[in-house]
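**Student:** after the sequence you'll find the predicted model.
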Amino acid sequence: MPESLAALRNSLDGTHSPIEFLPGNPAESPGWTLRADVSPGQAAAIVRTSGSTGTPKQTLLSADALQSSAQATAEALGGHGQWLLTLQPSYVAGLAVLSRSLMAGTTPVPLLHDTTDPVSFTRAAMRLESERRYVSLVPTQLQRLLDHVPADADLAGALRRFDVILLGGGPSSPALLETAARHGLTVVRTYGMSETSGGCVYDGRPLPGVRLSAEDSGRVRISGPMVASGYLGDEDLSAAHFGRDPDTGLRSFLTDDLGEVDTDPDGQRLSISGRADDVIITGGVKVSAARIREALLTHPQVRDAFVGPAPDADWGQTVSATVVPHTQDMHSQLQRELQELVRSALGAPASPKRLIVLNELPLLANGKPDRQQLLQLLAEDPRQQEREVTPWQL
């Protein structure tokens, strides 16, 4: 870990070329390469991301962007501290932990494999020595840890050692947040992406220095000093997403997320309603995959869910979903309950025509659901799925 911090520090201060951390074996220390093909004036660090479409992008993050993000995070959380590193720094969430640690003058404790094993997590958490302690998790990691808590008092105590648990990388179910609160954990939901140096909105509130706005299309625009410089080698994509805020002159990023920005006495508040590419058009009617997922998660037997389109000769697309139950003691009545639940909340067109039950959602290496694999699963012929995937299809 000290070597990784030193390498990042040298890139941040311009001593070395921009750094790119590499995906690797979780059991090994993070590896990196110095990008001599990129000038220090373009970036201090490069983060590769495929996004929801699978199109590769190389996001250019300046030293100012990473340091601004780290400082704003410390202000929002009540001070700098020591971090447990549970995500590879090849992802922006892991890179952000390293840059925050540099600014705090602390060394993070790495836990890059067996991140949800209760013994491994407890041991790593107990190694944190600073007065303030933080960890950044994705919802799946926290859920799996909490599953062990009822039978593991040591793990419960380790989780409560953290002043704040940042939770990002995807939507968090109300049930997960309620469980965390019941165990006395302080969880802060984060919203952000590689293009904003990680989380820049905490529990719906922008970090210090961040300004939010919504375009006429409904897409959310984020402005602030932590916004990336653009994408390496893709001027058209950079021009489509990056610009300058006309009021502040700060860098801005136009996301693919749909949402509303409201203002109250405490400032701006952001609510995300879905993604521009999550709109399903079925029989000419537009429905939101994100809102359907939210409705499914209100059912007490549903632990997690993914909603997407499946091609249909008659309707163009049909609403389909995969659900992860709390237990496998399921019955055919659940399908009708879930369909009626969505129909009552969002209307008949939004009701899933097909449900696939899985033990777990397939995940990427960063802990996020593998959207491309799930969409492929929903699009496949059910008979083929029964042979190759063998989910329990209701």
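**Tutor:** Right, received. Where do you want to start?
**Student:** please count neighbours and contacts with C-alpha atoms only from this point.
**Tutor:** Noted.
**Student:** and stretch 108-115, how far apart are its ends?
**Tutor:** Start and end residues of stretch 108-115 are separated by 15 Å (C-alpha to C-alpha, to the nearest Å).
**Student:** who's in contact with that stretch?
**Tutor:** 1, 26-27, 82-88, 97-98, 101, 120-121, 124-125, 127-128, 141 (C-alpha atoms under 8 Å, 6 or more residues apart in numbering).
**Student:** can you give me the distance of the residue nearest to Ala379 when sequence neighbours are not counted to Leu377?
**Tutor:** Distances taken as C-alpha to C-alpha, 6 or more residues apart in numbering put Ala310 closest to Ala379, at 4.8 Å, once the chain neighbours are dropped. With distances taken as C-alpha to C-alpha, Ala310 is found 9 Å from Leu377.
**Student:** just to revisit the earlier point, can you confirm the residue nearest to Ala379 is in a strand?
**Tutor:** Yes. Assigned with DSSP: H, G, I helix; E, B strand; the rest coil, Ala310 falls within a strand.
**Student:** surely it touches Thr322?
**Tutor:** No. Assessed by C-alpha atoms under 8 Å, Ala310 is found out of contact with Thr322, at 11.7 Å.
**Student:** circling back to that earlier point, list the contacts of the residue nearest to Ala379.
**Tutor:** So Ala310 contacts Gln317, Thr318, Val319, Ser320, Leu375, Leu378, Ala379 (C-alpha under 8 Å, 6+ apart).
**Student:** just the buried residues of the residues you listed.
**Tutor:** Gln317, Thr318, Val319, Ser320, Leu375, Leu378, Ala379 (16 or more other C-alpha atoms under 10 Å).
**Student:** let's have the residues you listed in JSON lines, adding pLDDT and distance to Ala289.
**Tutor:** Formatted as JSON lines, the buried ones among the contacts of Ala310 follow (pLDDT from 0 to 100; distance: C-alpha to C-alpha, whole Å):
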{"residue": "Gln317", "pLDDT": "83", "distance to Ala289": "12"}
{"residue": "Thr318", "pLDDT": "86", "distance to Ala289": "11"}
{"residue": "Val319", "pLDDT": "91", "distance to Ala289": "8"}
{"residue": "Ser320", "pLDDT": "91", "distance to Ala289": "9"}
{"residue": "Leu375", "pLDDT": "87", "distance to Ala289": "12"}
{"residue": "Leu378", "pLDDT": "88", "distance to Ala289": "13"}
{"residue": "Ala379", "pLDDT": "84", "distance to Ala289": "15"}
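**Student:** of those residues, which is the nearest to Leu270?
**Tutor:** Checking the buried ones among the contacts of Ala310 against Leu270 with C-alpha to C-alpha, the nearest one is Val319 at 26.6 Å.
**Student:** so is the closest one in a helix, a strand, or just coil?
**Tutor:** Applying three-state DSSP: Val319 is strand.
**Student:** so who does it touch?
**Tutor:** Contact analysis of Val319 by C-alpha under 8 Å, 6+ apart lists Ile280, Thr282, Val307, Gly308, Pro309, Ala310, Ala350, Ser351, Pro352, Lys353, Arg354.
**Student:** I'd say the last one and Asp312 touch.
**Tutor:** No. With contacts counted by C-alpha under 8 Å, Arg354 stays clear of Asp312, the gap being 11.8 Å.
**Student:** higher neighbour count, those two?
**Tutor:** Arg354 (17 against 13; other C-alpha atoms under 10 Å).
**Student:** quick check: Thr86 vs Ser194, distance?
**Tutor:** In terms of C-alpha to C-alpha, Thr86 sits 17 Å off from Ser194.
**Student:** higher neighbour count, the two?
**Tutor:** A side-by-side neighbour count of Thr86 and Ser194, using other C-alpha under 10 Å, places Thr86 first with 27 against 23.
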